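Visitor: with the input below, show me the fold.
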Amino acid sequence: MFGFLIAVLAGFGTPHIVAQPAVINVGELVVGSTTTVTVHLRNVGDESASITAAIPNCGCVKADWPSAEIAAGSEATATVTITPGPTQRGESLRKTVTYAITGIAPVTVVFTGHVADALPTNGSTPTLPPTTTSAKTTQSAPASAANSNQSAAPIHDPPFVRIEPKNFPGATIAFPEFTDWVQGTPIHAFEPKQIYVFEFFSTTCSHCKQYAEVIEQVAHTYGELGVHFISITQEDPATVAAWLEQPAQKNKFTWDVVCDTKSDAMVQMQGGTFHSFTPRSFIVRDGIIEWFGHPKVSADPLKQLLAGTWNSQSIRQEFILDSHVARAKNYLDGIARSCEKSGDWNRLLVAVDNVAAVIPERANNYKLQRFTVMLGLADTPDQAYAYARELALRNHDNVKVMRSMAHVILNSPYVKKRDVKLALQWATEADTLANGQDARAANTLALACFSNGDRENAIQHEERAVRLENDAANRADCEQSLMKYRTQIPGPEPTRTRPSATTTPSVIPNSTTVPAQNAAEDGG
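Guide: The predicted structure follows:
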């Protein structure tokens, strides 16, 4: 209460956002299982405030933020999901999400808990303690106009509009101010012609551990060529210093390590893109952002920069578009959660059409979203298939659209009416269009064959997908599918029960909302 009063006084005359509570215990988590938490953000100032980004400190954490302004004295909610990876088994959990706010200091929410050593002996998911604010402890059924005594008033969502990001290749930034340099000599300005790599990480981030060897190789290779590497974490300096002294780290981190406990650098760089994850690298020269993305694909732009052949302007529009798509995903996910509670999926369909019109460069992605929602969550299969057939006619020569529509029919979890023969037709057309050289098309065709009872061809096409797939994680998924086709009974995927709003962070599959750029960056 005392801290809350201080926040009110500090925010007098200005917008001021506080999280209530600021520390959330999520209890016992299970590797690979997602826990969903609702965060309450209250404006205790006397002016409205806008949150522009939600920035997790770990790849196992996904977060959204309120799209609309928060009026003075009002509260908004956001959703955070945590999915621990195998490297976090048995560890104590401490994750953060930082909310960037226009014109004022950011707000950071801390999530604590523990990752179970193994699944419970009965195979069930551990029950969260009563003190947790995770929505898993509330199992109320979604309300709808159909089961209410009163007709709900129609909700008119604010239209989606494009807002230009602050950060993109070619944009100028100031040198970030860091609270503590745990390793290396403090600097406060960019040196002319010097290339810097700012890499955001966390000592407890499962994805950082997954890509540690790649990050180390890039840092050592290009550090020897004069590139200045700086790793950034929001953690306490003493914690980071002790971590660096561990035998597993002592001889690996030979570059600068800094703590950003006030989240200034995190908000300045990550928040300025409307999209964030960890690990993530920003390459800067002469105060100009040259590139940013997942460290696993940072070697090529560094190589070109050193060779003098890099042109950041050539990718500028792609990265700006990526920022628009990231904001659109947040906008649609918020409406989707509301639709899950009300049962009015038409709101989401209208919103998807709105976004498709505003971002025509990704219109097909959003039309695929619409088909996904209609077929599964909205449970209107006749209208969905009619819509998809029109989409197929207009995109009969588009491998991605044909492949994706087949995949939605075959694999979307909430579909009650799977037209597996139509999916096989479209998957075959996609594979033919790709001349048999697209790993995803081969993978989808394999699933279509298996769903139609054809094990032999399913195995043949999946073996081809394994050969064609260059990404290690995707190839592992293909190999897992291949094992399934060899050992299980052929047939369509079973329809899973629709999750309640309390357990669903995003009801729209990421495969249709995230463009290829981010799909590659997110990596693990």
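Visitor: only C-alpha atoms from now on, for both contacts and neighbour counts.
Guide: OK.
Visitor: stretch 171-179: end-to-end distance?
Guide: 24 Å (Cα to Cα, to the nearest Å).
Visitor: give the buried residues for that stretch.
Guide: Ala171, Thr172, Pro176, Glu177, Phe178, Thr179 (16 or more other Cα atoms under 10 Å).
Visitor: just send those back as JSON lines, with pLDDT and distance to Leu391 too.
Guide: Listed next are the buried residues of stretch 171-179 as JSON lines, based on pLDDT from 0 to 100; distance: Cα to Cα, whole Å:
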{"residue": "Ala171", "pLDDT": "96", "distance to Leu391": "38"}
{"residue": "Thr172", "pLDDT": "96", "distance to Leu391": "41"}
{"residue": "Pro176", "pLDDT": "92", "distance to Leu391": "47"}
{"residue": "Glu177", "pLDDT": "89", "distance to Leu391": "50"}
{"residue": "Phe178", "pLDDT": "89", "distance to Leu391": "50"}
{"residue": "Thr179", "pLDDT": "84", "distance to Leu391": "53"}
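Visitor: which one of those is nearest Leu368?
Guide: Ala171 (32.6 Å; Cα to Cα).
Visitor: got phi/psi on that closest one?
Guide: phi -80, psi 150 (degrees, to the nearest 10).
Visitor: and what of Val415?
Guide: According to degrees, to the nearest 10, Val415 has phi -80, psi 120.
Visitor: and the gap between the closest residue to it other than its chain neighbours and Leu349?
Guide: Distance criterion Cα to Cα, 6 or more residues apart in numbering; nearest residue to Val415, sequence neighbours excluded, is Gly376 at 4.3 Å. To Leu349, Gly376 is 13 Å away according to Cα to Cα.
Visitor: same question for Glu390.
Guide: 17 Å.
Visitor: next: Asp117.
Guide: 42 Å.
Visitor: can you check Glu164 too?
Guide: Counting by Cα to Cα, the gap from Glu164 to Leu349 is 25 Å.
Visitor: those two - which one has more neighbours?
Guide: Leu349 (22 against 14; other Cα atoms under 10 Å).
Visitor: test my guess that that one contacts Arg370.
Guide: Yes: at 6.1 Å, Leu349 counts as touching Arg370 under the criterion of Cα atoms under 8 Å.
Visitor: in the stretch 351-500 of the chain, where is pLDDT below threshold?
Guide: Applying pLDDT under 70 to the stretch 351-500 of the chain picks out residues 498-500.
Visitor: looking at this, Val31 is in a helix?
Guide: No: applying DSSP: H, G, I helix; E, B strand; the rest coil, one finds Val31 to be coil, outside a helix.
Visitor: what residues are up against the nearest residue to it once chain neighbours are set aside?
Guide: Residue nearest to Val31 in three dimensions, not counting chain neighbours: Pro84, with 4.9 Å by Cα to Cα, 6+ apart. Pro84 makes contact with Leu29, Val30, Val31, Gly32, Ser33, Thr34, Cys60, Val115, Ser206 under the criterion Cα atoms under 8 Å, 6 or more residues apart in numbering.
Visitor: which ChimeraX command selects the buried ones in these?
Guide: In ChimeraX syntax, the buried subset of the contacts of Pro84 is picked out as below (16+ other Cα under 10 Å):
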select :29,30,31,34,60,115,206
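Visitor: any chance of JSON lines for the contacts of Pro84, columns distance to Ser276 and pLDDT?
Guide: Below are these laid out as JSON lines (distance: Cα to Cα, whole Å; pLDDT from 0 to 100):
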{"residue": "Leu29", "distance to Ser276": "23", "pLDDT": "89"}
{"residue": "Val30", "distance to Ser276": "24", "pLDDT": "89"}
{"residue": "Val31", "distance to Ser276": "22", "pLDDT": "86"}
{"residue": "Gly32", "distance to Ser276": "21", "pLDDT": "83"}
{"residue": "Ser33", "distance to Ser276": "22", "pLDDT": "87"}
{"residue": "Thr34", "distance to Ser276": "19", "pLDDT": "88"}
{"residue": "Cys60", "distance to Ser276": "12", "pLDDT": "85"}
{"residue": "Val115", "distance to Ser276": "24", "pLDDT": "89"}
{"residue": "Ser206", "distance to Ser276": "16", "pLDDT": "81"}
